[in-house]
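Novice: How does the following fold in three dimensions:
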Amino acid sequence: MKALVYDGPEALSYCEVPEPKPATGEQLIRVKSVGICGSDMHAYLGHDSRRPAPLILGHEAAGVIVGGARDGERVTLNPLVTCGACPACGSGRENLCPDRQIISMPPRDGAFAEYVTMPEANLVAVPDHIPLSVAALAEPLAVSWHSVRLGLAALPTSHSHAALVLGGGAIGLGAALALRAMGVAEITIVEPNAARRAYLVDVCQETAVETASGFFALVVDAVGFAATRATASRHVAPGGVIVHIGLGEDTGGLDIRRMTLQEVTFIGTYTYTTEDFHQTAQAIFDGRLGDLNWFEKRSLAEGAQAFDDLRNGRVAIPKIVLEPHG
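Specialist: Have a look, this model is predicted:
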């Protein structure tokens, strides 16, 4: 089969690799759509030691089951594989499973390929009226859904629910959509890239600004750099909540003194639970997250160019979705 293989920092090759063989309890999936994630970009830049070359990246995927009783079924993939037996899994917090795996990280190859294997329990059936390119957005949107759910749950009931989202990429935009679906009306996105900011305003009908002003009960940092953490620290209201999703930079930025004196809650969040993934998929199917038309489709063969375009800021649209089979 053809796959897009990460060969080292800023090096990808579109080449022939062996087709994967499903293990017991797994299904073979013919990948139809797979999104480029920020974590894929971190790996591409050589910033993620958990993803050593050579490796097939990609974990935001949807496709069609090949073979068996479910042959031909359209599915979206929850790429997080967990043990199902530890205390975290038993309490419904599978994302904290100490033995968790995710496709695109050894020992599991990712979905920038014509085929990928997944445990059957990780597959969610997609209704016929939902394009698989839209269904592939379930994974990044589940990250946003999970973070917003945690943030809103931590807010005191007396707070207004005005929210600030830092970063207008797929995770930040997804956070805005999840906030709206959960009843928050006042949402501002900070996006420094002028072209992307204009896209968010003109196409997505979001309130997007270059720099933040004022105070917000909930701040979602979907970037995770020292600079964005500093912005979150400045603009969170007293008694408010910062939810930190991004992993752009490990340290710096938080104003610990202000957070302590004004009782600001900080929540770090990683991926999503199984329930979050199913809730997100259902929200997509029901239309509660909007049109979800904010992505660009390219062939998998054009993947290396897509990464280069993202790397060099030539893409205004929040998401690029690659299609292995055209």
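
Novice: And for the closest residue to Gly214 other than its chain neighbours, the neighbour number?
Specialist: Spatial nearest neighbour of Gly214, excluding adjacent residues (C-beta to C-beta, 6 or more residues apart in numbering): His235 at 6.8 Å. For glycine as for every other residue, the C-beta is placed from the backbone atoms N, C-alpha and C. The local packing of His235 (other C-beta atoms under 10 Å) involves 20 other residues.

Novice: His235 reaches Leu218, doesn't it?
Specialist: No. Counting by C-beta atoms under 8 Å, Leu218 is not a contact partner of His235; they are 10.5 Å apart.

Novice: Give me the common contacts of these two.
Specialist: In terms of C-beta atoms under 8 Å, 6 or more residues apart in numbering, His235 and Leu218 are both contacted by the residues Leu164.

Novice: re earlier: could you report the separation of the residue nearest to Gly214 from Gln101?
Specialist: 36 Å (C-beta to C-beta, to the nearest Å).

Novice: before we move on, what about Thr280?
Specialist: 20 Å.

Novice: Just want to know which of the two has more residues nearby.
Specialist: Thr280 (30 against 15).

Novice: Is the more buried one in a helix, a strand, or coil?
Specialist: helix (DSSP: H, G, I helix; E, B strand; the rest coil).

Novice: quick one, what contacts it?
Specialist: By C-beta under 8 Å, 6+ apart, the neighbours of Thr280 are Ala138, Leu141, Ala142, Trp145, Ala178, Tyr272, Leu289.

Novice: Report the beta-bridge partners for Val219.
Specialist: Under the criterion DSSP bridges, Val219 forms beta bridges with Leu164, Ile242.

Novice: Is it correct that it is in contact with Val236?
Specialist: Yes. When contacts are counted by C-beta under 8 Å, Val219 is listed as touching Val236 (4.7 Å).

Novice: what is in contact with those two at once?
Specialist: Leu164, Ile242.

Novice: So between those two, which is more surrounded?
Specialist: Neighbours were tallied for Val219 and for Val236 using other C-beta under 10 Å; the higher tally belongs to Val219 (31 against 24).

Novice: circling back: could you report the separation of the residue nearest to Gly214 from Val165?
Specialist: His235 is 11 Å from Val165, by C-beta to C-beta.

Novice: Give me the common contacts of the two.
Specialist: Val219.

Novice: At which residues are the strands of the stretch 51-200 of the chain located?
Specialist: Assigned by DSSP state E, counting those that start in this stretch, the strands in the stretch 51-200 of the chain fall at 55-56, 60-66, 74-77, 80-81, 101-102, 115-119, 123-125, 163-166, 187-190.

Novice: Of those strands, which stretch is the most buried?
Specialist: strand 163-166 (a mean of 29; mean count of other C-beta atoms under 10 Å).

Novice: Give me the residues contacting it.
Specialist: 172-173, 175-176, 179, 184, 186-190, 212, 216-223, 228, 231-232, 235-236.

Novice: Can you select the buried ones from those residues in PyMOL?
Specialist: The PyMOL command for the buried members of the contacts of strand 163-166 (criterion: 16 or more other C-beta atoms under 10 Å) is given here:
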select buried, resi 172+173+175+176+179+184+187+188+189+190+212+216+217+218+219+220+221+222+223+228+231+232+235+236
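
Novice: ok, now how distant is the residue lying closest to Asn95 once chain neighbours are set aside from Met105?
Specialist: Computed as C-beta to C-beta, 6+ apart, the closest residue to Asn95 that is not its neighbour in sequence is Thr271, at 4.4 Å. Remark: distance between Thr271 and Met105 (C-beta to C-beta) = 12 Å.

Novice: Count residues in the vicinity of Glu263, would you?
Specialist: 10.

Novice: Tell me the secondary structure at it.
Specialist: coil.

Novice: That one and Gly67: what is the separation?
Specialist: Distance from Glu263 to Gly67, by C-beta to C-beta: 55 Å.

Novice: how deep is the residue nearest to Ser104 when sequence neighbours are not counted tucked in, by neighbour count?
Specialist: In this structure, Ser104 finds its nearest non-sequential neighbour in Gly110, 3.1 Å apart by C-beta to C-beta, 6+ apart. A total of 28 residues lie near Gly110 under the criterion other C-beta under 10 Å.

Novice: need the contact list for Val190.
Specialist: Contacts of Val190 by C-beta under 8 Å, 6+ apart are Leu164, Val165, Leu166, Gly167, Gly168, Ala208, Val209, Glu210, Thr211, Ala212, Thr231.

Novice: Look at the spatially most central residue of the chain and report its pLDDT.
Specialist: The C-alpha lying nearest the average C-alpha coordinate of the chain belongs to Pro140 (C-alpha atoms, centre = their mean; 2.4 Å). The confidence metric pLDDT takes the value 97 at Pro140.
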